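> Starting from these lines, generate the structure:
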Amino acid sequence: MNTLFVYFLLSLASSLVLTPICRIAAYRFGFIARPKDDRWHKRPTALFGGVAIVATVLAAGLIIRPSGGLWQLLVCGAAIAAFGFVDDVLSLKASTKLIAQITVAALLLFFGYRLQWTESMIGDSLLTLFWIIGITNAFNLLDNMDGLCAGTVLIGGGFLLIVFVTGDASASPPALYLSALLGATAGFLVYNFHPASIFMGDTGSLFLGLNIAALTLLANPATLGRSGLLSVVAVPVLPLLIPIFDTTLVTALRLLSGRRPSQGGRDHMSHRLVAVGLSERRAVTTLWALAAAGGLIAVLLRRNEAGWGIVAALTFVLAMIIFAVYLARIRVYDEGDLKALEGQAFTPLVANFMYKRRVAEVLLDLCLIPLAYYSSYRLRFEGPLLTANYQYFIQSLPVVLAAQLLAIFVAGGYRGTWRYFGMMDAVVFTKGVVLGTAAAQIAIVYLYRFENYSRAVFIVDAALLLLLLSGTRASFRLIGEFMLRRSTVGRRCVIYGTGGASLGTIREAFGVDVPLKILGYVDDDPLHRGMRVSGYSVLGDHAVLVGMIERSDVDCIVLNTPVASVERLQELERRCGEHDIDLLRLHLHLKRMSAAAS
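This next block holds a predicted model:
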């Protein structure tokens, strides 16, 4: 363990020294990343930060004794870094980059690097090639915002190092090499935080992506029998889920919008988070947090693959899918998303599937129902009791799955809209879950006389399933509200009065083109002070609002209730006029429709 810290600290110190030297050299020889329409940065920034990472890691790798496949990784890493350096200088074509990546991936495969996901040598070889090329490209694409790629490497590599340390390879050459890689990346990240003074370029991103992809193969369990297929797949995938999802999302949406996958653009997950109002730093830290969550679940699954790690892994993957779907709905293309679906670029089957949201909901429930049922068994039984009752779970799962799906359909669960999910929609799902639970129990009584089945399992299952169904359907509203509350852009608004129009109506009155940052409510009723309305605090009374006006802490005030006196209203008008603050009142009224008038 001490040796790992030594390699980390030495690489950190080396990177801290070499990175500013590379920055000076980049400015000296004119290797500068200049702002472009399809790039995120807004000022000229030095390249070749990746050179500092590569030099540090390769030097550390040469010091470590060459065993365990390490020297092969050093050779391949140096090759992909050299190619990345040429790409940074000459801007090679995407096809040329792909050929180089395939060549290096094939070399690693030749040297014995394998996923070991299947018993078929051909199938496993193809999967290994796709894995190395895919992860290398994923980190290359993830280098689209200050600190995002380097920070994700630190998080994913850190959890990968935990896998080495908790296994039998705590002092192995791959573990020492990974420790040096993390130290070099951390040293570079010091200069790559927003606002970055240097970029890693393709030299760094391709090198880091290839190394992380290869090291996950070394950390992967060697036998399926000891760990199980799910653990074998999840351990490398979960810590790298952010770059995998980002690449998948960007590639799919660029194809659907009539763009080339290799075409640059501000359409990554990080860019979409900024588009909904998060600051650049907050967008990056949000993705870092998700990467850390995936890494924690991978460690949990590795230690106890038959326990709650399975439930956590499936839940996290489903949550990430929903999050990706939410981000995909954010418009980032000027010409409109998914325009290619209007033409003939895709088969009718694919086009129809994209428009059939109900199919996606049914597929989601096909995952949620078994997840809730399995979790209920784990909550009800432990240890040997769970093993003894597992056969009854498998035996009854098809019955429960069919009963719940049909009940949700009959209750009208597939008629709602996620964007406007409310309490009455939750009532609909409650009816469906209760009906499905009752139908499943009746069917099991008829088929198996309910012998060896626990009624408590079905009660817990109903509660968990209702929570999952309601949570997924309300997810778009929850994510949207989360983004709004953490937005750093928009007009700062205080609502005077807790009655009157709803918060949603007030937001709609401003229109979608005017981002609104709600600060909270102001109410003269002392009983309302300290309360929360629609999730926002009641900040105080009229005197508190006057203080906010004097400090220019607010941009607009919406009167949502009649003001107590004319004098107080006149005072508000005067103070708002002095500080250039809008004082607004929302008027709601209905009028008769007339075709002639329209």
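
> and residue 550, how many neighbours does it have?
11 (other Cβ atoms under 10 Å). Using the backbone N, CA and C atoms, a C-beta is placed for each residue, glycine as well.

> now residue 314
Close neighbours of residue 314, defined as other Cβ under 10 Å, add up to 19.

> Helix or strand next in line after the helix or strand hosting residue 403, which one?
Using DSSP states H and E, residue 403 sits within helix 384-411. Per DSSP H and E, the first helix or strand lying C-terminal to helix 384-411 is helix 423-448.

> Which strands or helices does that next one pack on?
With contacts defined as 3 or more Cβ pairs under 8 Å, 6 or more residues apart in numbering; DSSP states H and E, helix 423-448 has these neighbours: helix 384-411, helix 455-473.

> chain center to that helix, what's the gap?
33 Å (Cα atoms, centre = their mean, to the nearest Å).

> Specify the angle between that helix and helix 455-473 in degrees.
140 degrees (axes from the mean of the first three to the mean of the last three Cα atoms, to 10 degrees).

> Which strands or helices does the helix holding residue 403 pack on?
Packing partners of helix 384-411 (3+ Cβ pairs under 8 Å, 6+ apart): helix 357-380, helix 423-448, helix 455-473.

> In CSV: those helices, plus distance to residue 552, mean pLDDT and mean neighbour count.
Shown next, in CSV, are the helices and strands packed on helix 384-411 (distance: least, Cβ to Cβ, whole Å; pLDDT from 0 to 100; neighbours: other Cβ atoms under 10 Å):
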stretch, distance to residue 552, mean pLDDT, mean neighbour count
helix 357-380, 45, 91, 18
helix 423-448, 39, 92, 17
helix 455-473, 40, 94, 19
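
> thinking again about what came up before, mind putting the helices and strands packed on helix 423-448 in a markdown table, distance to residue 193 included?
Shown next, in a markdown table, are the helices and strands packed on helix 423-448 (distance: least, Cβ to Cβ, whole Å):
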| stretch | distance to residue 193 |
| --- | --- |
| helix 384-411 | 47 |
| helix 455-473 | 34 |
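
> between those helices, which gets nearest to residue 428?
helix 384-411 (5.5 Å; Cβ to Cβ).

> so where do the strands sit in the protein?
Using DSSP state E, the strands of the chain run over 32-33, 45-46, 491-496, 516-522, 532-533, 536-540, 556-559, 582-585.

> which of the ones you listed is buried the deepest?
Most buried of these by mean neighbour count (mean count of other Cβ atoms under 10 Å) is strand 45-46; its value is a mean of 22.

> residues in contact with it?
22, 23, 26, 27, 31, 32, 33, 196, 197, 198, 199 (Cβ atoms under 8 Å, 6 or more residues apart in numbering).

> I'd like the average pLDDT over that strand.
When pLDDT is averaged along strand 45-46, the result is 89.

> What of stretch 272-280?
86.

> Using PDB, list the CA coordinates for it.
The C-alpha coordinates for stretch 272-280 follow below in PDB (Å, rounded to 0.1, in the frame of the first residue of the first chain):
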ATOM      1  CA  ARG A 272     -26.800  19.800 -22.300                       C
ATOM      2  CA  LEU A 273     -26.500  20.300 -18.500                       C
ATOM      3  CA  VAL A 274     -25.100  23.800 -19.100                       C
ATOM      4  CA  ALA A 275     -28.000  24.400 -21.600                       C
ATOM      5  CA  VAL A 276     -30.600  23.900 -18.900                       C
ATOM      6  CA  GLY A 277     -28.900  26.500 -16.700                       C
ATOM      7  CA  LEU A 278     -26.100  24.800 -14.700                       C
ATOM      8  CA  SER A 279     -22.700  26.400 -14.500                       C
ATOM      9  CA  GLU A 280     -19.800  24.700 -16.200                       C
END
